[in-house]
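Trainee: Fold the stuff below for me.
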Amino acid sequence: MELQGKRAAVLIEQMYQEMEVWYPVYRLREAGCKVTLVGPEAGQNYPSKLGYPCKSDKAAKDVSADDFDLLIVPGGYAPDHMRRCEPMIKLTSTMAEQGKPVAAICHGPWMLCSTQALKGRKATCFFAIKDDVINAGGKYVDAEVVRDGNIITSRKPDDLPAFMQTIIQAVKEARPAMAAR
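Mentor: From the prediction side, this is the model:
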């Protein structure tokens, strides 16, 4: 239980990539981490690209960066929808600014492009959004996982094992969330 007592937010929205939500959720739970699925609305089902439902535990407007030790942004086309929700952008931005681990995979870095988190940072992503990452001030690197301080990025589902190993290490090194557990 290497992450016992830690709390993670996993952002969800419609058109998410199934493995990029569920692999991290179950891996974090297996490590003892409390995982909260955060969407634009609480208690809503968001279908994946293949129609697999994911029900949000909390609405982004009802949570704070102080509630979590870690934030994960999955890919698929969900980040395009997440970027339309100001509270989701604010949560992502605030966690990055506080130096907490913020991890994004595949198209997930689109959310980071809507914040200042990538400015001057090395990052990777699905190749189709490479220009967006560069235009947001990121230094693109083609690697299975890139960690630059508290920002962790990966390219695709095949990178999930390295992505999660890097996330777990970063959470173990980070300061704890402020909120009561």
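
Trainee: helix or strand for the residue sitting nearest the centre point of the chain, which one?
Mentor: For the chain, Ile72 is the residue whose C-alpha lies nearest the centre (Cα atoms, centre = their mean; 1.9 Å). Using DSSP states H and E, the element containing Ile72 is strand 70-73.

Trainee: Name the residues of the next helix or strand after that strand that come out as buried.
Mentor: Scanning forward in sequence from strand 70-73 by DSSP H and E, the next helix or strand is helix 78-82. Neighbour counts over helix 78-82 (16 or more other Cβ atoms under 10 Å) mark Ala78, Pro79, His81, Met82 as buried. Where you see a C-beta, it was placed from the backbone N, CA and C, and this is true even at glycine.

Trainee: Now compare those and name the two farthest from each other.
Mentor: Pro79 and His81 (7.3 Å; Cβ to Cβ).

Trainee: quick one: contacts for the residue nearest to Ala104 when sequence neighbours are not counted?
Mentor: Nearest non-adjacent residue to Ala104, counting by Cβ to Cβ, 6 or more residues apart in numbering: Val73, 4.0 Å away. Residues in contact with Val73, defined by Cβ atoms under 8 Å, 6 or more residues apart in numbering, are Leu11, Pro79, Met82, Thr92, Val102, Ala103, Ala104, Ile105, Gly108, Pro109, Met111, Leu112.
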